[in-house]
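A.B. asks: turn this into a structure:
(one chain, ligands or ions: 1)
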Amino acid sequence: MCGIVGYVGSQSATPILLDGLERLEYRGYDSAGIAVIASDGSLQVTKTKGKLAALRELVASAEPVGVVGIGHTRWATHGRPSDENAHPHADCHDMVTVAHNGIIENYATLRAELEASGHILRSQTDTEALAHMIEDELRQTDDLAEAVRATLARVTGSYAIAVVSRAHPGTLVGARMNGPLIVGLGKGENFLASDIPAILRHTREIIPLDDGEMVELTADSVRVMTLAGVETRHAPTHVDWDIEAAERGGHSHFFAKEIYEQPDAAHKALMGRILTREPEPDLALDALDGLLASGRLDAVRRVTLLGCGTSIHAAMIARYALERWTRLPVEVAVASEYRYADPIVGPETLCVAITQSGETADTLAATRLARDAGAPVIAVTNTVGGAVTRLADATLYLQAGPEISVAATKTFVTMILTLYLLGAWLGRQRGMLPEAEQRQILHALMDTPELMRRTLESLSEGPNAAALSDAVTLLKDCHSALFVGRGAGFPLAMEGALKLKEISYVHAEGFAAGEMKHGPIALLDEVTPLVAIATASATYEKIVSNIQEARARDAYVIAIATEGDDSIHQHADTIITVPAAPEAFTPLFSVIPLQLLAYHTALARGCNVDQPRNLAKSVTVE
Ligand code: F6R
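C.D. replies: Numbering: from 1, shown residues only. Below you'll find the model as predicted:
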């Protein structure tokens, strides 16, 4: 986690750094700071516990003026959130300062060595050691990049760092190892950042650094090299994201904006993949051409879907269709558990790594394990050039546009869509999915954006809006809520519960409805509502029985049902309806009322929707 930004040029660095940090706050927000080489040659570090607003206040009272600087927004790993643990960190003489995202694993040894040789460390962070080590190295060389390289040679762990020194006032140095870092190219100015939105106002030409690379930036030059000092060349990538796409639009929160963007995101996810050729659509996943040509898919006998959190829920939902369409066994593995479970994996396992950020440490580690065991790897991610893409043989991008709110919404639905495209493609390649059936799937996928739009519309007024409001009135005062479903409705229930708990802090759990009677039913009472996914499906009758069991225990039942289902009124207290569609595709829009339930409950409880406590958008530590 943590976001870093750096600037070197001729403009005042402070507003550029603060603006960049604002766009990176989703990566962590328990403290923030900037360091600027001031025009009088001093190093001015301003940092504080708390959110960026607190830093802005401090800066307003004494704005550092200079044309080179770095900034950081923190999600604590080593050392609690505090002023002294906030980044950037400086050496003994306030000569060098470092902003860091990641974990220095051997920091205890490094710190002990530094202290033994007389350095005074002022924080509990692992990062501060880097500043003091660079201080030492600068006694051997006056080249800042060289000093950073020599320092990093002694470091194990993960990092993306930005470094400036008042002895090198026109230079900014960055380096990465298992942490995101991009270079932004300007005219007479250059940038460093953890993520594209931080610098999009200033440039659209970016170079994503690879793991094990570093960069030395001046206002007019960019020198990329490996950590061994070998210069490397990268053609810049032009980013054509609309700047507005990274803003809130007309919504109060990114979370709401991103919920309402889902029809558009779904449409974009299908673009260039489902070719609407007359008379029938066709499926083209060009990104998989190389992998297909390599012949490695011929050996595949099973599929493992890897991910964490919401991404694993998307995987669990897609698994049903993937098995049906490919006739391959599909395993869904929680990435944080996978590599410690001695997994069965090799060239016969197609590993699909699902991560919106492309940077989740657990997912990367599990994917690396599968890749090293010989498995062909497909990454499913939203982040162009993210770390997972470098582990993968092929990447299917979600094409969802930036997702800023910490809690995932549009990347969840685009993950399912992308996995469905993969399943329909693989099914055909393997000769298991008849052409006519693939066409039906493509038609159903193409219908999705419109069904999402209808679902959103129906929730803004009329009976669905009233039902949503009733449900929120109840949920906002609850201590706990249970979510249940069957088939793909089960992981959907888990996703609904995750959204509610993470942004409104109402305790919620999702269960397979049939499992209720084996334990969770004991939790039900008149103040613990049940949210039941009761849309039309092969197991509809069974879920109705489960709802009745709950009602018999005085539970209040909120049902998500299919439009036109009149019988559900006998069983549930509050009913929100969604359009009818083939069963596999229903979760793509029946998740919307669950997202809105969480949103309005969080609002009613006065929670910080976009930045829930203790969370970060991108979890780059294990
Ligand atoms: C929940 C949420 C998290 C992420 C998880 C994985 O709303 O956003 O559970 O899904 O941290 O993140 P990615 O997909 O970036 O690997």
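A.B. asks: use CA for all of it now, contacts and neighbours both
C.D. replies: OK.
A.B. asks: and the protein, which residues reach the ligand?
C.D. replies: Counting by CA under 6 Å from any ligand atom, the chain comes close to the ligand at 308-311, 355-358, 360, 406-408, 618-619.
A.B. asks: in the stretch 101-250 of the chain, where is pLDDT below threshold?
C.D. replies: 242-250 (pLDDT under 70).
A.B. asks: please enumerate the strands of it.
C.D. replies: 157-165, 172-177, 182-185, 190-193, 205-208, 213-217, 222-226, 237-238 (DSSP state E, counting those that start in this stretch).
A.B. asks: out of those strands, which is the most enclosed?
C.D. replies: Of all these, strand 190-193 has the most neighbours on average by mean count of other CA atoms under 10 Å, namely a mean of 30.
A.B. asks: redo the residues of the chain next to the ligand as JSON lines? Include neighbour count and pLDDT.
C.D. replies: JSON lines is the format used below for these (neighbours: other CA atoms under 10 Å; pLDDT from 0 to 100):
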{"residue": "308", "neighbour count": "22", "pLDDT": "97"}
{"residue": "309", "neighbour count": "15", "pLDDT": "97"}
{"residue": "310", "neighbour count": "26", "pLDDT": "98"}
{"residue": "311", "neighbour count": "26", "pLDDT": "98"}
{"residue": "355", "neighbour count": "29", "pLDDT": "97"}
{"residue": "356", "neighbour count": "30", "pLDDT": "95"}
{"residue": "357", "neighbour count": "23", "pLDDT": "92"}
{"residue": "358", "neighbour count": "26", "pLDDT": "93"}
{"residue": "360", "neighbour count": "27", "pLDDT": "94"}
{"residue": "406", "neighbour count": "22", "pLDDT": "92"}
{"residue": "407", "neighbour count": "27", "pLDDT": "95"}
{"residue": "408", "neighbour count": "21", "pLDDT": "97"}
{"residue": "618", "neighbour count": "20", "pLDDT": "74"}
{"residue": "619", "neighbour count": "21", "pLDDT": "75"}
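A.B. asks: what's next to stretch 109-128, contact-wise?
C.D. replies: Applying CA atoms under 8 Å, 6 or more residues apart in numbering, the set of residues contacting stretch 109-128 from outside is 78-79, 84-85, 89-92, 98-100, 103-104, 107-108, 129, 132-133.
A.B. asks: 10 Å - rerun?
C.D. replies: 76-80, 82-93, 97-108, 129-133, 135-136, 154-155, 159, 161 (CA atoms under 10 Å, 6 or more residues apart in numbering).
A.B. asks: hmm, back to that, relative to residue 390, which of the strands of the stretch 101-250 of the chain is closest?
C.D. replies: strand 205-208 (11.1 Å; CA to CA).
A.B. asks: neighbouring strands - and their directions - for that closest one?
C.D. replies: Neighbouring strands of strand 205-208 in its sheet, by DSSP bridges, are strand 182-185 (antiparallel), strand 237-238 (antiparallel).
A.B. asks: on that earlier part again, now, the contacts of stretch 109-128 that are in helices?
C.D. replies: 107-108, 129-133, 135-136 (DSSP state H).
A.B. asks: could you pick out the buried ones from the residues you listed?
C.D. replies: 107, 129-133, 135-136 (16 or more other CA atoms under 10 Å).
A.B. asks: is it possible to export these to a markdown table including distance to residue 200?
C.D. replies: A markdown table is the format used below for these (distance: CA to CA, whole Å):
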| residue | distance to residue 200 |
| --- | --- |
| 107 | 34 |
| 129 | 31 |
| 130 | 29 |
| 131 | 29 |
| 132 | 32 |
| 133 | 33 |
| 135 | 33 |
| 136 | 36 |
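A.B. asks: just those now: which is nearest residue 412?
C.D. replies: residue 107 (36.3 Å).
A.B. asks: quick one on the thing from earlier: closest one of the ones in helices among the contacts of stretch 109-128 to the ligand?
C.D. replies: residue 107 (25.5 Å; CA to the nearest ligand atom).
A.B. asks: I'd say that closest one and residue 152 touch.
C.D. replies: No: Residue 107 is beyond contact range of residue 152, at 11.7 Å (criterion: CA atoms under 10 Å).
A.B. asks: what is in contact with these two at once?
C.D. replies: Residues touching both residue 107 and residue 152 (CA under 10 Å, 6+ apart) are residue 130.
A.B. asks: average pLDDT across the biggest helix by length in the chain?
C.D. replies: Counting by DSSP H, the longest helix found in the chain is helix 435-460. Here helix 435-460 scores 96 as its mean pLDDT.
A.B. asks: domains in the chain, as residue ranges please.
C.D. replies: 2-245, 248-456, 459-604 (automatic domain parsing).
A.B. asks: closest one to residue 614 among those?
C.D. replies: Closest approach to residue 614 among these (CA to CA): domain 2-245, 8.4 Å.
A.B. asks: tally of neighbours for residue 314?
C.D. replies: Neighbourhood size, residue 314 [other CA atoms under 10 Å]: 28.
A.B. asks: which other helices and strands contact the helix or strand containing it?
C.D. replies: Element membership of residue 314 [criterion: DSSP states H and E] is helix 309-326. Packing partners of helix 309-326 (3 or more CA pairs under 10 Å, 6 or more residues apart in numbering; DSSP states H and E): strand 302-307, strand 330-334, strand 349-355, helix 410-429, helix 435-460, helix 489-504, helix 587-604.
A.B. asks: list the helices and strands the following helix or strand past the second one packs on?
C.D. replies: Beyond strand 330-334 in the direction of the C-terminus, DSSP H and E gives the next helix or strand as helix 335-338. Here helix 335-338 is seen to pack against strand 302-307, helix 361-372 when contacts are counted using 3+ CA pairs under 10 Å, 6+ apart.
A.B. asks: just after the longest one, pick out the following helix or strand.
C.D. replies: Put plainly, it is helix 361-372. strand 377-381.
A.B. asks: tell me what the helix or strand following that following strand is packed against?
C.D. replies: Using DSSP H and E, the helix or strand that follows strand 377-381 in sequence is helix 387-391. Packing partners of helix 387-391 (3+ CA pairs under 10 Å, 6+ apart): strand 349-355, helix 361-372, strand 377-381, strand 394-397.
A.B. asks: are there helices or strands packed against the longest one, and which ones?
C.D. replies: Counting contacts by 3+ CA pairs under 10 Å, 6+ apart, the secondary-structure elements packed against helix 361-372 are strand 302-307, strand 330-334, helix 335-338, strand 349-355, strand 377-381, helix 387-391.
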